[in-house]
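predicted structure and sequence below. I'll ask about it afterward.
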Amino acid sequence: MLAALGAHPWAYPMLEVLHILGLGLLLGNLTLLELRVFGLGAALPVQPLARLSLGLACVGFGLAALSGLLMFGTQPQELLANRVFTAKMALLMLAGCNAAWFHARQSLQRLDGMARLSMAMSAVLWLLVLTCGRWIGYV
């Protein structure tokens, strides 16, 4: 499978397209939910919006993770030696821990200051993940 990615000139760029599509689904839907937690769109009920946006965000994460793993498989040694790549992976772990904490404390039911802080941290972490992702090829 990984050999096929190198054999076809369009295969790796298509993986990148799938990765970007996954990120768009993930971050677009997280942003929608973050805005609701911050009080925008207060007429929208949080729970139904969360079910829809988090479901689509999970699909996006799965697509980004699968395509990312396939891209990683084409050059693992180079990527593991790349400090920006390792920073991106650490930031992904922090974003995951932040999301787990957000849901474990039932922040969608509370919509309190801690929920907003967690959502702000989420936005910053994902912006840093995106930034690192773009920088990987340039260091």
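Happy to help now that I have it.

what stretches of this protein score poorly on pLDDT?
1-7 (pLDDT under 70).

rerun at 90
Scanning the chain for pLDDT under 90 picks out 1-12, 41-42, 74, 137-139.

need the longest helix for it.
With DSSP state H setting the assignment, residue counts place helix 46-74 as the longest helix in the chain.

report the buried residues of that one.
Neighbour counts over helix 46-74 (16 or more other Cβ atoms under 10 Å) mark 49-50, 53-54, 56-57, 60-61, 63-64, 67-68, 70-71 as buried. (C-beta placed from N, C-alpha, C; glycine too.)

among the residues you listed, which one sits closest to residue 24?
Nearest to residue 24, judged by Cβ to Cβ, of the buried residues of helix 46-74 is residue 60 at 6.8 Å.

skipping adjacent residues, who's closest to that closest one in space?
With sequence-adjacent residues excluded and distances taken as Cβ to Cβ, 6 or more residues apart in numbering, residue 60 is closest to residue 25, at 2.7 Å.

where's that neighbour, which helix or strand?
Taking DSSP states H and E as the definition, one finds residue 25 inside helix 11-37.
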